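>>> Based on what follows, work out the 3D shape:
(one chain, ligands or ions: 2)
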Amino acid sequence: MAGPRHFLDLHHFDGGALRAMIEHAAKLKAASDRRSKLLEGRTLAMIFERPSTRTRMSFDVAMRQMGGSVVNVSPSELQLGRGESVGDTARVLSRYVDAVMIRAARAETMETFAAAASIPVINGLTDKTHPCQVMADVMTFEERLGPIGGRAIAWTGDGNNVAVSWVHAAVRFGFELRLACPANFEPPASVIDWAHREGGNVRVMAEPEEAVRGASAVVTDTWVSMHHTDGHVRHNVFARYQVNDRLMAQAAKDAIFMHCLPAHRGYEVTDAVIDGPRSAVWDEAENRLHAQKAILAHCLA
Ligand code: CP
Ligand code: NVA
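Ligands and ions are numbered 1, 2, ... in the order given. Sure thing, here's the model as predicted:
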């Protein structure tokens, strides 16, 4: 018997399945009425081990607009906070709700939860990946510049959880990804090896200028993610990876700037870039809503 339709990571899907979700998201966004009955009577539980603005709001609003409802909890409100196991929590929640979105401090927690759950589990960010974000990012790129296949995308900064989901997306959607990261802050070698084994056009380099040259999108993220404890070291190491007007000038003429947010202005990006005409960040944030509707519909179909 097939298991639940989880949405845990982009590399678990083939390109066609991800493409279908992006197309569904675009249709839902274009509809004159954003309310539907697609998930009428369905309930999503959301567990947040870390703070969230966009993921929390967009999943909640997505469920409401599709006729469903949400239960939102932090581990401290569950017996999980007092030592009930992740697996037992998953088994119990599976008897109450139709799906669970989890933002887990550690990917292993999400994986343990998903293995024990008999309902779909959606990855709302872990220390390793952030697939819902990158679905919204691919959607945003295509709204602005057309099909992403064959285009060059530049990542500059930390080879973090969001960068890893960009690597997965590069392989599955067939675009070139150049990641400029300081030594020791590249995405895990296992992820890059996977991309190469799959025939992906993914390269890691040290120089942001090299990554950005002629690229159609320049993407970055915070230098200090929620699970990092070495922020003081990171600010020095990453200074030359900042996205500013000088770096954007190396990209293609119509290149856009992307950032999953929250942004740390004056660090990984300047005000001039994030507030400038090439910035797509507010559309990315909005598209979390539409992309996740399509992900929820996929999981709960
Ligand atoms: N981009 C993103 O996931 O934002 P939140 O942490 O606010 O959910
Ligand atoms: N890399 C960031 C993304 C936040 C949405 C973090 O994990 O904190």
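>>> surely Val243 meets Thr270?
Yes: look at Val243 against Thr270 with CB atoms under 8 Å: they come within range, at 7.2 Å. Using the backbone N, CA and C atoms, a C-beta is placed for each residue, glycine as well.
>>> Between these two, which is the more surrounded one?
Using other CB atoms under 10 Å as the criterion, Val243 and Thr270 rank with Val243 on top: 27 against 18.
>>> where's the more buried one relative to Glu186, distance?
18 Å (CB to CB, to the nearest Å).
>>> Phe13 too?
From Phe13 over to Glu186 (counting by CB to CB), the distance is 24 Å.
>>> swap in Asp98?
38 Å.
>>> Just give me the longest helix of the protein.
helix 281-300 (DSSP state H).
>>> Quick check: next helix or strand after the worst-scoring helix or strand of the chain on mean pLDDT?
Least confident helix or strand, the chain: helix 231-238 with a mean of 89, by mean pLDDT, DSSP states H and E. Under the assignment DSSP states H and E, the closest C-terminal helix or strand after helix 231-238 is helix 245-248.
>>> now for that next one, which elements pack on it?
In terms of contacts (3 or more CB pairs under 8 Å, 6 or more residues apart in numbering; DSSP states H and E), helix 245-248 is packed against helix 208-212, helix 271-274.
>>> hey, where'd the strands end up in the chain?
43-48, 69-73, 99-103, 121-123, 152-156, 176-180, 202-205, 217-220, 256-259 (DSSP state E).
>>> Between these, which one is closest to Ala115.
Nearest to Ala115 among those is strand 121-123; the distance by CB to CB comes to 9.1 Å.
>>> Show me what that closest one is packed against.
Counting by 3+ CB pairs under 8 Å, 6+ apart, strand 121-123 packs on strand 99-103, helix 107-116, helix 131-145, helix 281-300.
>>> ok, and the closest non-adjacent residue to the residue nearest the centre of the chain?
Residue closest to the mean C-alpha point of the chain, counted by CA atoms, centre = their mean, is Gln133 at 2.3 Å. Nearest non-adjacent residue to Gln133, counting by CB to CB, 6 or more residues apart in numbering: Cys260, 4.8 Å away.
>>> And Leu76, what's its pLDDT?
No, residue 76 isn't Leu; it's Ser. At Ser76, the pLDDT value in this model is 89.
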